[in-house]
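Colleague: could you look at this predicted model? Sequence included:
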Amino acid sequence: MASLLNTVSSIRISNTRATPRFLPPVSLSLHRRRFVVRATETDANEAVKSQAPDKAPAGSGSSFNQLLGIKGAAKETNKWKIRLQLTKPVTWPPLVWGVVCGAAASGNFHWNLEDVAKSIVCMMMSGPCLTGYTQTLNDWYDREIDAINEPYRPIPSGAISESEVITQIWVLLLGGLGLAGLLDVWAGHNFPIVFYLALGGSLLSYIYSAPPLKLKQNGWIGNFALGASYISLPWWAGQALFGTLTPDIIVLTLLYSIAGLGIAIVNDFKSIEGDRALGLQSLPVAFGAETAKWICVGAIDITQLSVAGYLLGAGKPYYALALVGLIIPQVIFQFQYFLKDPVKYDVKYQ
């Protein structure tokens with residue numbers, strides 16, 4: 001779950017190798033990085049003043065956008081609102097929906113108090129905790145890029161301290177893993193499958209954002225990993241919680257994650273300048289914005305139409321028709337907004 005994401009023993013804030021250490025080495029790394037971050041931030045902000053003055057939000061930025069963690073956010077000094085902004089609540093709904101889909105696919109979800117409570121805890125694990133952890137971790141490792149693309153964001157602007165960010169990363173990660181373990185006990189699992197899904201997703205989140213692997217440096221691999229995290233992992237967690245996770249579901253959800261690859265590309269357009277400056281080969285950087293926008297919508301639409309064809313072939317024409325009915329307005333909005341200007345309309349399209 002871009003969302004069930006990172007390993008407890010792998011967080012080391014450094015541009016060198018990640019080793020399985022705990023808090024004392026992290027503190028040393030933070031001390032050493034503090035000078036570097038400040039210097040980078042200062043230099044980047046000097047450049048941003050002349051290169052991208054139009055990127056800073058207006059003084060009348062939206063407080064609503066700030067709480068959702070999206071562009072056009074108002075400047076905020078309340079630390080709890082800033083902490084919420086780092087978790088990007090706007091990214092939680094797909095994970096919550098994935099849990100619902102998995103629970104429904106299990107065939108064992110019942111509308112009683114216990115099952116509803118289980119599903120809510122699973123949603124909290126997937127959304128606020130582990131997606132929030134992932135987003136905060138990603139912002140931490142993207143602070144140099146954000147100093148170029150979005151210097152007003154909480155970390156590069158200095159609105160929140162390094163130690164506060166690191167504390168938030170640990171609290172969200174451990175909270176999410178704790179809820180995963182609780183769900184396994186609650187469901188009576190002999191094998192803690194929800195916990196291992198959470199742990200595996202957490203590791204995926206770490207290697208997506210952090211060196212030396214930093215999957216996001218490669219547009220194809222990074223975006224597919226992100227798409228799978230948002231589509232497959234929450235579905236697997238919901239289905240495993242109430243039933244059995246089967247191989248066919250694993251394969252189908254991974255294939256459907258190709259659509260998630262396209263969705264992930266949408267977020268890359270706003271970062272073209274910083275990605276290019278720091279050598280990240282996002283698809284808009286590698287292919288140019290014009291080509292990348294068509295790769296983006298193609299991955300989304302072709303995958304979903306293929307699933308509609310699969311449903312039709314499986315003797316479920318009404319489900320196929322319902323899916324096509326949802327795809328049509330999506331395509332209309334793609335042409336009306338996203339394909340006209342993916343940088344300007346990325347948030348509106350999403």
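Modeller: On my side now, so go ahead. Residues are numbered from 1 along each chain as shown.

Colleague: now residue 90, nearest residue through space, not along the chain?
Modeller: residue 68 (4.1 Å; CB to CB, 6 or more residues apart in numbering). (C-beta placed from N, C-alpha, C; glycine too.)

Colleague: show the contacting residues for the one you found.
Modeller: Taking CB atoms under 8 Å, 6 or more residues apart in numbering as the criterion, residue 68 is in contact with 88-90.

Colleague: which of those residues count as buried?
Modeller: Buried members of the contacts of residue 68, counted by 16 or more other CB atoms under 10 Å: 88-89.

Colleague: hey, C-alpha coordinates of stretch 252-260 in PDB?
Modeller: Once non-C-alpha atoms are left out, stretch 252-260 reads as follows in PDB (Å, rounded to 0.1, in the frame of the first residue of the first chain):
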ATOM      1  CA  LEU A 252      -5.000 -10.300 -11.700                       C
ATOM      2  CA  THR A 253      -4.400  -7.500  -9.200                       C
ATOM      3  CA  LEU A 254      -0.700  -7.200 -10.300                       C
ATOM      4  CA  LEU A 255      -1.900  -7.000 -14.000                       C
ATOM      5  CA  TYR A 256      -4.400  -4.300 -13.000                       C
ATOM      6  CA  SER A 257      -1.600  -2.400 -11.400                       C
ATOM      7  CA  ILE A 258      -0.400  -1.500 -14.900                       C
ATOM      8  CA  ALA A 259      -3.300   1.100 -14.600                       C
ATOM      9  CA  GLY A 260      -1.700   2.200 -11.400                       C
END
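
Colleague: so what's residue 244 up against?
Modeller: residue 106.

Colleague: the same query, at a cut-off of 10 Å, please.
Modeller: 106-108, 193 (CB atoms under 10 Å, 6 or more residues apart in numbering).

Colleague: pLDDT below threshold where in the stretch 51-200 of the chain?
Modeller: 51-60 (pLDDT under 70).

Colleague: switch the cut-off to 90
Modeller: 51-77, 90, 145-146, 148-153 (pLDDT under 90).

Colleague: follow-up on the earlier one: farthest pair in the contacts of residue 244?
Modeller: By the measure CB to CB, 107 and 193 form the most distant pair in these, at 16.9 Å.

Colleague: what helices and strands are in contact with the helix or strand containing residue 98?
Modeller: Using DSSP states H and E, residue 98 maps to helix 92-106. With contacts taken as 3 or more CB pairs under 10 Å, 6 or more residues apart in numbering; DSSP states H and E, helix 92-106 sits against helix 113-124, helix 132-141, helix 219-242, helix 247-266.

Colleague: if we go to 6 Å?
Modeller: With contacts taken as 3 or more CB pairs under 6 Å, 6 or more residues apart in numbering; DSSP states H and E, helix 92-106 sits against helix 113-124, helix 219-242.

Colleague: what's the burial count for residue 232?
Modeller: When counting by other CB atoms under 10 Å, one arrives at 27 neighbours for residue 232.

Colleague: nearest residue to it other than its sequence neighbours?
Modeller: Residue 232's closest residue in space is residue 253 (CB to CB, 6+ apart), at 4.2 Å.

Colleague: which one of the contacts of residue 68 is nearest residue 241?
Modeller: residue 89 (22.7 Å).

Colleague: thinking again about what came up before, contacts for the helix holding residue 98 next, please.
Modeller: Identification of contacts with helix 92-106 by CB atoms under 6 Å, 6 or more residues apart in numbering yields 1, 3, 109, 119, 122-123, 126-127, 131, 230, 234-235, 238-239, 242-243.

Colleague: just want the angle from that helix to helix 247-266.
Modeller: Going by axes from the mean of the first three to the mean of the last three CA atoms, to 10 degrees, helix 92-106 is angled at 170 degrees with respect to helix 247-266.

Colleague: the inter-axis angle of helix 92-106 versus helix 219-242?
Modeller: 50 degrees.

Colleague: alpha carbons of helix 92-106, as PDB, please.
Modeller: Extracted C-alpha coordinates of helix 92-106, given in PDB (Å, rounded to 0.1, in the frame of the first residue of the first chain):
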ATOM      1  CA  TRP A  92      -5.500   7.600   1.300                       C
ATOM      2  CA  PRO A  93      -8.900   6.900  -0.500                       C
ATOM      3  CA  PRO A  94      -7.500   4.400  -3.100                       C
ATOM      4  CA  LEU A  95      -6.000   2.300  -0.300                       C
ATOM      5  CA  VAL A  96      -9.300   2.400   1.700                       C
ATOM      6  CA  TRP A  97     -11.200   1.400  -1.400                       C
ATOM      7  CA  GLY A  98      -8.700  -1.400  -2.100                       C
ATOM      8  CA  VAL A  99      -9.400  -2.900   1.400                       C
ATOM      9  CA  VAL A 100     -13.100  -2.700   0.700                       C
ATOM     10  CA  CYS A 101     -12.600  -4.600  -2.700                       C
ATOM     11  CA  GLY A 102     -10.500  -7.300  -1.000                       C
ATOM     12  CA  ALA A 103     -12.900  -7.800   1.800                       C
ATOM     13  CA  ALA A 104     -15.800  -8.100  -0.700                       C
ATOM     14  CA  ALA A 105     -13.800 -10.500  -2.900                       C
ATOM     15  CA  SER A 106     -13.100 -12.800   0.100                       C
END
